[in-house]
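Visitor: sequence first, predicted model second:
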Amino acid sequence: MPGRRRPKPIVAAGEVLVWLLFALLLAPAGAVGWAIGHYTGHQSGTRTVTVGATSTPTTSAAATTTTTAAATTTAAAAPSAAGKAIFISSGCGACHTFKAAGTSATVGPNLDTAPEKDAPKAKMPLAAFVKQSIVQPNAFISPGYPKGIMPQTFGSSLSTAQLATLVSFIVGKK
């Protein structure tokens, strides 16, 4: 073809070299990325950070009363904050609507309303029902949701204390 220009051999070799380098670097980087994600994705532990309030002693009775009241308020808020942290870090918000946690997913039942409706159907107290729903999610399936959607691992991945805090957070809704 008379009007067609052929690429210079050095340009063609350069392009081939760039593509080979790209392929040779991309494959190991992808494998390393997969290995890191795979390794960290299968660790069952969650990280819990506990924040405490400390107060300094004072000589005035009025100041002591104020400090004590502030510490009491912080202590009362701590279980709710810890419950929300466990709820979020465990991924519950990816599937459940729960106003106290600020989530609005619809894969699983709405935790603002479903536990109160379903616990009587399962003939269980609310807290016991919520705990069972976390550790044995297929024991009772909320109407309109399929069996086997919720992970079966929370009974082993959450400590007893984390589980109790999470149940308290869901039941208390605050």
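Guide: Yep, it's here.
Visitor: mind jotting down where the strands sit in the protein?
Guide: With strands called from DSSP state E, the chain shows them at 97-98, 103-104.
Visitor: between those, which gets nearest to V130?
Guide: strand 97-98 (11.6 Å; Cβ to Cβ). Every C-beta, even on glycine, is put in place using the N, C-alpha and C of the backbone.
Visitor: quick check: buried residues in the longest helix belonging to the chain?
Guide: Ranked by number of residues, the top helix in the chain under DSSP state H is helix 9-41. Under the neighbour-count criterion of 16 or more other Cβ atoms under 10 Å, helix 9-41 has nothing buried.
Visitor: any idea of the mean pLDDT for it?
Guide: Mean per-residue pLDDT for helix 9-41: 76.
Visitor: how about stretch 153-167?
Guide: Mean predicted confidence for stretch 153-167 is 90.
Visitor: chain center to that stretch, what's the gap?
Guide: Centroid separation for stretch 153-167 versus its chain: 13 Å, with Cα atoms, centre = their mean, to the nearest Å.
Visitor: and the residue lying closest to A128 once chain neighbours are set aside, how many neighbours does it have?
Guide: Leaving aside its chain neighbours, A128 sits nearest to A119 (8.0 Å; criterion: Cβ to Cβ, 6 or more residues apart in numbering). Residues lying near A119 (other Cβ atoms under 10 Å) number 20.
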